[in-house]
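predicted structure and sequence below. I'll ask about it afterward.
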Amino acid sequence: MDYEYLFNKQRELDSYIEDNLESVNRDDLFRKKILALQVEIGELANETRCFKFWSRKGPSEQSIILEEYVDGLHFILSVGLDKGLTYTSSPLTDNGIDQTDSFLALYRSIGAFYSEPVQETYVTLFQNFLQLGQQLGFNEASILKAYQQKNEVNHTRQDEGY
């Protein structure tokens, strides 16, 4: 995946949003983006329904799950940019855990990154997120296309006073 492209697109969106804010407190924005990321991951988990042992209803359509996934990607890119961090491709291996454990690992890595926002914790966060995407059946091309589409929607929302 072209991570440089993704970071550049996210930088453009973040700048566009932040330029339209009356006052910007970077530390406050980072904190809020971390919570937003956690919420987006929760929305993603809700659409997969992987933890809903009490329900017989299956997961949402793959397109809905993918849209929620790229919402998370927007915030992962954004928090990395806030701390001057990036991610480059590294091979993913099957971690041998189910989706529920993948979500829990992702939440742990978000917390670790929030507590210690350095390259090492960021790479772990990014890899946990990518492994979840792999488990969900997404390939790089589908993620990139969905990211581009949602990025355009996010720009339009800002234009419309979202």
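Now that the structure is in, tell me what you want to look at.

mind checking the pLDDT average for stretch 58-77?
Across stretch 58-77, pLDDT averages out at 96.

all strands for this protein, in order.
Read by DSSP state E, the chain holds no strands at all.

pLDDT weak spots in it?
Along the chain, the model assigns pLDDT under 70 to residues 24, 26-27, 90-91, 161-162.

identify the residues contacting the longest helix along it?
Criterion DSSP state H: the longest helix present in the chain is helix 26-48. With contacts defined as C-beta atoms under 8 Å, 6 or more residues apart in numbering, helix 26-48 is touched by 18, 51, 59-60, 64-65, 68-69, 71-72, 74-76, 78-79, 82-83, 99, 103, 106-107, 110, 113-114, 117, 136. (Each C-beta comes from the backbone N, C-alpha and C, glycine too.)

could you do stretch 115-123 as well?
The contact list for stretch 115-123 (C-beta under 8 Å, 6+ apart) reads 30, 79-80, 82-83, 85, 87, 90, 109, 112-113.

if we go to 7 Å?
Contact with stretch 115-123 is made by 80, 83, 85, 87, 112-113, as judged by C-beta atoms under 7 Å, 6 or more residues apart in numbering.

buried subset of those as a ChimeraX selection?
Here is the ChimeraX command that selects the buried residues among the contacts of stretch 115-123 (16 or more other C-beta atoms under 10 Å):
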select :80,85,87,112,113
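
among the contacts of stretch 115-123, which two are most distant?
The span of the contacts of stretch 115-123, defined through C-beta to C-beta, is set by Tyr87 and Ala112 at 15.3 Å.

before we move on, back to that, centre of the chain to the longest helix of the chain, how far?
Relative to the chain's own centre, helix 26-48 is displaced by 8 Å; criterion: C-alpha atoms, centre = their mean, to the nearest Å.

next one: stretch 3-13
In terms of C-alpha atoms, centre = their mean, the centre of stretch 3-13 is set 13 Å apart from its chain centre.

quick one, helices of the chain?
All helices of the chain, identified by DSSP H, fall at 3-19, 26-48, 62-82, 99-115, 119-135, 140-159.

make TSV out of those helices and add distance to Ser55.
TSV is the format used below for those (distance: least, C-beta to C-beta, whole Å):
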stretch	distance to Ser55
helix 3-19	34
helix 26-48	11
helix 62-82	16
helix 99-115	14
helix 119-135	20
helix 140-159	26
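
residues in contact with the closest residue to Phe126 other than its chain neighbours?
Leaving aside its sequence neighbours, Phe126 sits nearest to Tyr87 (C-beta to C-beta, 6 or more residues apart in numbering; 4.4 Å). Going by C-beta under 7 Å, 6+ apart, Tyr87 touches 3, 80, 122-123, 126.

sounds good, over and out.
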